[in-house]
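Undergrad: The following block contains a protein sequence and its predicted model.
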Amino acid sequence: MHPTYELTDAGDRYFDGLVDKFSRSLYQAPRGELRLAMLDYLLPQMLQLDQQPVLDVGGGLGQQAAWFAERQHPVTMTEPSLDMLTYARHWHREAKALPCEAMAYVHAPLQDLRQQAPGPWPLITCHAVLEWLGDPRSAIAHLTSLLAPGGQLSLMVFNRDALRFSNAVKGNLEKALSDRLEGKGKRQRLTPISPVTHAEVVEWGAENNLEVASVAGIRVFQDYLRQPPTSDKERETLLALEKKYCQQDPHWRLGRYLLYTLIKSETSQ
Ligand SMILES: C[S@@+](CC[C@H](N)C(=O)[O-])C[C@H]1O[C@@H](n2cnc3c(N)ncnc32)[C@H](O)[C@@H]1O
């Protein structure tokens, strides 16, 4: 029997109890490796990086926070799941040997960060979090309020259109046709409860005076392969293919995740 996992009153899914499942099914699997390799390739191109402080919202197991800390950014990682935050803190210290002063940790959901980590921040990352919220639209307003004028938001969302496509490819035609794509957030399933479309990101960004500076698709091809790569050579070729087309129309639009740089206008408060 699996324990039943509950959503919060706001309808959010915190990842308590999911450390093992999340690290096994994502980061110890080829798709997690590819995601990290693509972020490593794209973030330096899509962001202006000058060792500025970073707020990593919903940082999970702490990979992205470590990536910035290793590049000499002071990082504040926030997480509402104590399990995830504890794992990340331990992993940063033991496995990554990050100096304590490089990292700060805040145990809070993004809705509470105006009190707990108000900033304003020149750079915020929020990767693969919106799709686990009951109200992803209002999350953009919360994040914007933490950004400094001219600040950058690196936002990555689980792409609803790609979810429809992959359901069709797997033969779940009724599900794709009826558009019942979202998960319920119960048990240990990792199907997001609020997958997001590109059109929604553009609309919600505009509502908050955020300009879409750049966009890319993450894992444009990998999930649709009939034969996954079996050798390092094939994995390298797949990575080269993903890099070549991740910012090209129409391919980026079907990336499993969509990665954005959103800029807050200089005149916004
Ligand atoms: C799919 S994981 C992504 C973790 C990490 N950002 C990454 O890219 O690997 C989603 C994370 O969002 C967190 N989360 C859920 N609700 C949240 C909220 N209201 N505020 C901030 N984080 C939240 C979960 O606890 C979980 O760690």
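TA: The structure has been received and is ready for your questions. Numbers count the residues shown, from 1 in each chain.

Undergrad: Could you pull out the helices in this structure for me?
TA: 19-22, 30-46, 63-70, 82-94, 113-116, 136-146, 160-169, 173-178, 198-207, 232-245 (DSSP state H).

Undergrad: Against which helices or strands is the longest one packed?
TA: Applying 3 or more C-beta pairs under 8 Å, 6 or more residues apart in numbering; DSSP states H and E, we find helix 30-46 packed against helix 63-70, strand 210-218, helix 232-245, strand 257-264. Placement of C-beta: from N, CA and C, glycine included.

Undergrad: Dump the ones you listed into CSV; add distance to Gln111 and mean pLDDT as well.
TA: Below are the helices and strands packed on helix 30-46 laid out as CSV (distance: least, C-beta to C-beta, whole Å; pLDDT from 0 to 100):
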stretch, distance to Gln111, mean pLDDT
helix 63-70, 20, 96
strand 210-218, 18, 98
helix 232-245, 34, 96
strand 257-264, 19, 98
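
Undergrad: which one of these lies closest to the ligand?
TA: Distance to the ligand, taken as C-beta to the nearest ligand atom, is lowest for helix 63-70 among those, at 5.8 Å.

Undergrad: Run through who's touching that closest one.
TA: Applying C-beta atoms under 8 Å, 6 or more residues apart in numbering, the contact partners of helix 63-70 are 27, 36, 39-40, 43, 54, 56, 59, 75, 77, 88, 91-92, 96, 98, 102-103, 125, 127.

Undergrad: what about whichever residue of the stretch 151-269 of the chain sits closest to the ligand, distance to Pro118?
TA: Nearest residue of the stretch 151-269 of the chain to the ligand, counting by C-beta to the nearest ligand atom: Met156, 6.7 Å away. Remark: distance between Met156 and Pro118 (C-beta to C-beta, to the nearest Å) = 23 Å.

Undergrad: swap in Asp232?
TA: The value you get for Asp232 to Pro118, if C-beta to C-beta is used, is 46 Å.

Undergrad: of these two, who's got more company?
TA: Taking neighbours as other C-beta atoms under 10 Å, Asp232 and Pro118 compare with Pro118 leading, 11 against 8.

Undergrad: Just list the residues touching the residue lying closest to His251 once chain neighbours are set aside, thanks.
TA: Excluding the flanking residues, the one nearest His251 by C-beta to C-beta, 6 or more residues apart in numbering is Tyr245, at 4.0 Å. Shown in contact with Tyr245 (C-beta under 8 Å, 6+ apart): 217, 220-221, 251-252.

Undergrad: and those, which two are the farthest apart?
TA: Phe221 and Trp252 (11.2 Å; C-beta to C-beta).

Undergrad: deepest of the helices and strands packed on helix 30-46, which one?
TA: strand 257-264 (a mean of 23; mean count of other C-beta atoms under 10 Å).

Undergrad: Provide the strand pairings for that one, with the direction of each partner.
TA: Its sheet considered, strand 257-264 pairs with strand 147-158 (antiparallel), strand 210-218 (antiparallel) by DSSP bridges.
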